[in-house]
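**Q** Starting from these lines, generate the structure:
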Amino acid sequence: MRLANVYGVSSSEGSSCDRGIFNKITKTAFKGKDIIVYGDGNYVRDYVYIDDVVSAFLCAAVAKNIEGELFNIATGVGHTLKEAFSLVADRVSDITKKKVNVNEIPWPEGVNPIEKRNFVASIDKFKKFTGWEPTINLDEGIHRLVSFYMKNHG
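**A** Numbers count the residues shown, from 1 in each chain. You can find the predicted model right below:
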């Protein structure tokens, strides 16, 4: 099972700088700081909420005839990074009543070109084999993430 860009609530922060980015920017926004995006932020990603990933694994565990197959676990829907970051900024602003901006800055030197690519996965094969499909869209997932952060860290 190949996972797209997984996000969602977490009781800890990832140790890698490129993991848990939504959790990190949510924390930044609640501190009253603006969110930074590299370039224009218009590169597309497929973001899948952690609860949908867990559901996919459970479906795979009971599915028949999938051994040895490769599957994408994603939503099949693309959103720009700037769009996703803006959802976080807007949700936090609604709660704190303080404006959180999403600011564009130039890419750092030596960034891997894969970071600038667009990616949306096809989930058709996994859906065909298991009947699974994601149930949490980006707006709902960001709402859950921001609400969790507010209750547990705010």
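**Q** Span of stretch 8-28 from start to end?
**A** 16 Å (Cα to Cα, to the nearest Å).
**Q** Stretch 39-57 now?
**A** First-to-last residue span, stretch 39-57, Cα to Cα: 35 Å.
**Q** same thing with stretch 130-139?
**A** With Cα to Cα, one end of stretch 130-139 sits 25 Å from the other.
**Q** Give me the contact list for that stretch.
**A** 47-49, 51-52, 55-56, 59-60, 63, 66, 74-77, 79, 83-84, 87, 123, 126-127, 144 (Cβ atoms under 8 Å, 6 or more residues apart in numbering). Where you see a C-beta, it was placed from the backbone N, CA and C, and this is true even at glycine.
**Q** again, but for stretch 23-33
**A** Everything outside stretch 23-33 that qualifies as a contact, by Cβ under 8 Å, 6+ apart, is 7, 10, 13-14, 34-35, 85, 88-89, 92-93, 96, 98, 100, 145-146, 149-150, 153-154.
**Q** Can you turn the buried part of the residues you listed into a PyMOL selection?
**A** Applying 16 or more other Cβ atoms under 10 Å to the contacts of stretch 23-33, the buried members can be selected in PyMOL as follows:
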select buried, resi 7+10+35+85+88+89+92+100+145+146+149
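**Q** Which secondary structure state is assigned to the residue in the chain sticking out farthest from the centre?
**A** Going by Cα atoms, centre = their mean, the residue of the chain most distant from its centre is Asn65, 29.8 Å out. Following DSSP: H, G, I helix; E, B strand; the rest coil, the label given to Asn65 is coil.
**Q** Since that was my last question, I'll sign off now.
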